[in-house]
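Enquirer: fold the following, please.
(chains A and B)
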There are 2 protein chains.
Amino acid sequence: MTFVVKNKNVEEQAIEAKKAARTLNLLTTEEKNDALIRIADELETNFEEILAENQKDLQEGRNKGFDEAFMDRLALTKERIIDFAKGLRKVTELEDPTDRVLSDWTLDNGLQVKKVTVPLGVIGMIYEARPNVTVDATGLALKSGNAIVLKGGSSALFSNQAIVNIIHQALDKTKIPKEAVQFIASTDREATKKLFTMKDHIDVLIPRGGGSLIKAVVENATVPVLETGVGNCHIYIDADADVDKALNILINAKTDRPAVCNAAETVMIHNDWFEKNVGRLVATFSEHGITVHGDELACKSIPHAVLAEESDWAEEYLSLDIAVKIVANIDEAIDHIDKYGTKHSEAIVTECPEAASKFMKMVDASALYHNASTRFTDGGALGFGAEIGISTQKLHARGPMGLPALTTIKYLMSGNGQVR
Amino acid sequence: MTFVVKNKNVEEQAIEAKKAARTLNLLTTEEKNDALIRIADELETNFEEILAENQKDLQEGRNKGFDEAFMDRLALTKERIIDFAKGLRKVTELEDPTDRVLSDWTLDNGLQVKKVTVPLGVIGMIYEARPNVTVDATGLALKSGNAIVLKGGSSALFSNQAIVNIIHQALDKTKIPKEAVQFIASTDREATKKLFTMKDHIDVLIPRGGGSLIKAVVENATVPVLETGVGNCHIYIDADADVDKALNILINAKTDRPAVCNAAETVMIHNDWFEKNVGRLVATFSEHGITVHGDELACKSIPHAVLAEESDWAEEYLSLDIAVKIVANIDEAIDHIDKYGTKHSEAIVTECPEAASKFMKMVDASALYHNASTRFTDGGALGFGAEIGISTQKLHARGPMGLPALTTIKYLMSGNGQVR
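Expert: Here you go, the predicted model:
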């Protein structure tokens, strides 16, 4: 009986969100911004309430023996809460992605056609134990005119609930109905399953978290998913690559932040370049403490290199490990990416424009680089203002997603009685 | 053992298509157009070969006792084949949807960023016994730089195979490798199932056909789907609706082509308008042979009206039947659409701009009409040149889809050694 009641609640929440979403279509940019600022203010004013609830989550986390990195993501401080508020105020400065006329024209019969951007409707956000997502996602959803159903990790339940209470308190004083922000407190699997399948009430699911969370959503959801995913990114050093550029880019892409999805995991090196520059390459790997998993040719010339197994080519190390493959030509490099790449970010280093052009046309990925590090695949670095995530899918949104990824379009036709 | 071998073939075909798709990225618009014209020429030259094979399908169809409409869709004539060729030549005149720079900018560090449109890659087309889809879909796919895997209905197997043979013959003389067009001849379910799940080789599935085909694809595919679907379209006649406009639009939307998805299925009428104009309304229904399924209020005043059941509100009649609901205000109309609509096309007839604006903002559908018939939701009517279908989903493409729906984007970054 418990299950049934809980499920019903999740569905009721989604229906409330859907209803609220309709109202959001009527609001102006100013009204939406006012609401975000009000939320920011109340979060700052009531930070102690959030910290008190956060202590409960932290205590439970300690009891369960969660590791330090996990506890760090979970822990809130006054400063972090002030940062949440700052983040919301920054979102108010971004361009409203809705109500933009993408094109308009008039048919011969006088019917006026306008293609305009509109909110998606209701966003289902599924995430792990990071309370900041509760605030970030709410801000981005409301700014783009969407309602949101939040399903956070159970280890952050008290913190999230406190945050959402304050959001509701704040919204009560604005034009946005508080039903536009729903928080699913139930931690049982049935609630999540229900969220995955409410196609009638939820327009898109966005998973934020590790690979296994994303996989679970993609495989089980019938609601459309905005998939953000893993990056098995490659650097291809062509025969005509400048040595300094190649080594700089390689080291930056591998070592700047090894744990992120736009870090490089495999370097492919043209045989001619490798033979000429193996000395500097080996010195560079060694200087930066990089562990090489090489193919046979690479292992012959790179001391301490481990022979790569088949699985290495598909591995997202997220560490100072790198797979090294020596190739005879650019086609071999492109074939390898085609087989093992995850369509995220791929780079070629070369002074030959034809090789660069071929690589950028033939490699299938969201971001292609000629003589630059893969690390730039990031909404912040590219100037998008806000980033929902980096899409590794091809439909709807690809690559770093800003606010426009949370919109769809409508065709609006105005006539004076036209019929066909 | 037969199954295993057949499955392997379908996968091999998809891999061949994927490989061919990479080459297509290197071709110019002219080279793609040349290929389409060559196919058109060869279809015309070899029409007798196609007609001979078509006879075999027709014979089998007669043996199986298929109905006349079905046989009509299946039957080819010299004129129909010439129309296929004309269609291809028309596609060559459309703008190439790929390689369009949607935006470009330069970061402070000098890195140049370009957001460009690129082909999706490999399109899986699943359709019923209409041999014209074999030609249409091939033309649209190749023009947009995509490879295509065709899975047509088994009742058109001989015709489709003859058409694809001629396409391959033609492509042999062009820059497009013939592997870019794959035809799955196997008619067993395992082959279709395989097609549904080859995420690594197929980028999108497009079902073309009846509701049950589309449903089967949407429910079983793990490959992303471009869903084209049913239209339960509404006309809302507001209190302030002009009588002539309202009746014209209603009759056009219901009777012009009742069997298509943009035809109206329900009319909602404001009580005040209804009371004033019930006489003309009844006369109009009667004149056009329309069967009314009305709510209680409607039935009281419309002779011969049948009392509507709950299921009538969700019904896509595709006939001269219409559901009639009398409402007290615009909100009731919007609520009704929210509950029963399929997010296709919805119309309001009113002389009140505020009512129109509210309707167009709050109703969630791909096309909203103020004082015009829903029948204009159509790529041809809107001037898109070619129509892949009418999307009822919100992600990627919504409403009538032209060639751009077959593209995605890439970010291309050109630098001189930039690192983060």
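
Enquirer: so which elements touch the helix or strand encompassing residue A:355?
Expert: Residue A:355 is part of helix A:353-362 when elements are defined by DSSP states H and E. When contacts are defined as 3 or more Cβ pairs under 8 Å, 6 or more residues apart in numbering or on different chains; DSSP states H and E, helix A:353-362 packs onto helix A:330-340, strand A:345-349, strand A:367-372, strand B:407-418. Quick note: C-beta positions are derived from backbone N, CA and C, even for glycine.

Enquirer: go with 10 Å
Expert: Helices and strands touching helix A:353-362, by 3 or more Cβ pairs under 10 Å, 6 or more residues apart in numbering or on different chains; DSSP states H and E, are helix A:330-340, strand A:345-349, strand A:367-372, helix B:2-24, strand B:112-119, strand B:407-418.

Enquirer: looking at these, which is closest to residue B:76?
Expert: Nearest to residue B:76, of all the helices and strands packed on helix A:353-362, is helix B:2-24, at 24.7 Å by Cβ to Cβ.

Enquirer: now the closest residue to chain B within the stretch 101-250 of chain A: how far from residue B:188?
Expert: Here the stretch 101-250 of chain A gets closest to chain B at one residue, residue A:245, 3.9 Å apart by Cβ to the nearest Cβ. Residue A:245 is 54 Å from residue B:188, where distance means Cβ to Cβ, to the nearest Å.

Enquirer: of the two, who's got more company?
Expert: residue A:245 (20 against 14; other Cβ atoms under 10 Å in any protein chain shown).

Enquirer: for the helix holding residue A:355, C-alpha coordinates in PDB please.
Expert: Provided in PDB are the C-alpha atoms of helix A:353-362 (Å, rounded to 0.1, in the frame of the first residue of the first chain):
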ATOM      1  CA  PRO A 353      45.200  22.700 -43.700                       C
ATOM      2  CA  GLU A 354      44.000  19.800 -45.900                       C
ATOM      3  CA  ALA A 355      44.600  17.300 -43.100                       C
ATOM      4  CA  ALA A 356      42.800  19.600 -40.600                       C
ATOM      5  CA  SER A 357      39.800  20.000 -43.000                       C
ATOM      6  CA  LYS A 358      39.500  16.300 -43.600                       C
ATOM      7  CA  PHE A 359      39.600  15.500 -39.900                       C
ATOM      8  CA  MET A 360      37.000  18.100 -39.000                       C
ATOM      9  CA  LYS A 361      34.700  17.000 -41.700                       C
ATOM     10  CA  MET A 362      35.000  13.200 -41.300                       C
END
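
Enquirer: what angle do that helix and strand A:345-349 make?
Expert: 170 degrees (axes from the mean of the first three to the mean of the last three Cα atoms, to 10 degrees).

Enquirer: give me the contacts around helix A:353-362.
Expert: A:236, A:238-241, A:270, A:329-331, A:333-335, A:337-338, A:346-350, A:352, A:368-371, B:21-27, B:99, B:114, B:116, B:118, B:410, B:412-414 (Cβ atoms under 10 Å, 6 or more residues apart in numbering or on different chains).

Enquirer: count of residues packed around residue A:316?
Expert: 17.

Enquirer: OK, contacts around it?
Expert: Residue A:316 neighbours (Cβ under 10 Å, 6+ apart): A:211, A:229, A:230, A:231, A:232, A:233, A:259, A:261, A:263, A:265, A:342, A:344.

Enquirer: now residue A:104
Expert: A:112, A:113, A:114, A:115, A:116, A:411, A:412.

Enquirer: anything in stretch A:168-183 near chain B?
Expert: No: using Cβ under 10 Å from any Cβ of the partner chain, stretch A:168-183 stays clear of chain B, with a minimum separation of 13.7 Å.

Enquirer: that older thread, spatially nearest residue to the residue of the stretch 101-250 of chain A closest to chain B (excluding sequence neighbours)?
Expert: Of all residues not flanking residue A:245 in the chain, residue B:417 sits nearest, at 3.9 Å (Cβ to Cβ, 6 or more residues apart in numbering or on different chains).

Enquirer: that neighbour contacts residue A:251, correct?
Expert: No: at 11.7 Å, residue B:417 and residue A:251 do not qualify as touching, with contact defined as Cβ atoms under 10 Å.

Enquirer: what do these two both touch?
Expert: Counting by Cβ under 10 Å, 6+ apart, the shared contacts of residue B:417 and residue A:251 are residue A:373.

Enquirer: burial check on residue A:219, number of neighbours?
Expert: That count, for residue A:219 with other Cβ under 10 Å as the rule, works out to 10.

Enquirer: my bad, should have said residue A:178
Expert: Neighbour tally, residue A:178, other Cβ under 10 Å: 17.

Enquirer: re the thing from before, and the residue nearest to residue A:245, what does it touch?
Expert: Contacts of residue B:417 (Cβ under 10 Å, 6+ apart): A:242, A:244-249, A:252, A:349, A:371-373, B:109-111.

Enquirer: change it to 6 Å
Expert: A:245, A:248, A:371 (Cβ atoms under 6 Å, 6 or more residues apart in numbering or on different chains).

Enquirer: and which of those is nearest to residue A:277?
Expert: residue A:245 (11.8 Å).

Enquirer: tell me how far the strand or helix carrying that closest one lies from the chain's centre.
Expert: Following DSSP H and E, the helix or strand that holds residue A:245 is helix A:243-255. Its chain's C-alpha centre and that of helix A:243-255 lie 25 Å apart, by Cα atoms, centre = their mean, to the nearest Å.

Enquirer: where along the stretch 151-300 of chain A do the strands fall?
Expert: A:181-183, A:204-208, A:233-237, A:264-270, A:291-294 (DSSP state E, counting those that start in this stretch).

Enquirer: would you turn these into a markdown table with mean pLDDT, distance to residue B:274 and mean neighbour count?
Expert: Below are the strands of the stretch 151-300 of chain A laid out as a markdown table (pLDDT from 0 to 100; distance: least, Cβ to Cβ, whole Å; neighbours: other Cβ atoms under 10 Å in any protein chain shown):
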| stretch | mean pLDDT | distance to residue B:274 | mean neighbour count |
| --- | --- | --- | --- |
| strand A:181-183 | 97 | 38 | 23 |
| strand A:204-208 | 93 | 39 | 23 |
| strand A:233-237 | 98 | 63 | 28 |
| strand A:264-270 | 98 | 67 | 27 |
| strand A:291-294 | 98 | 76 | 20 |
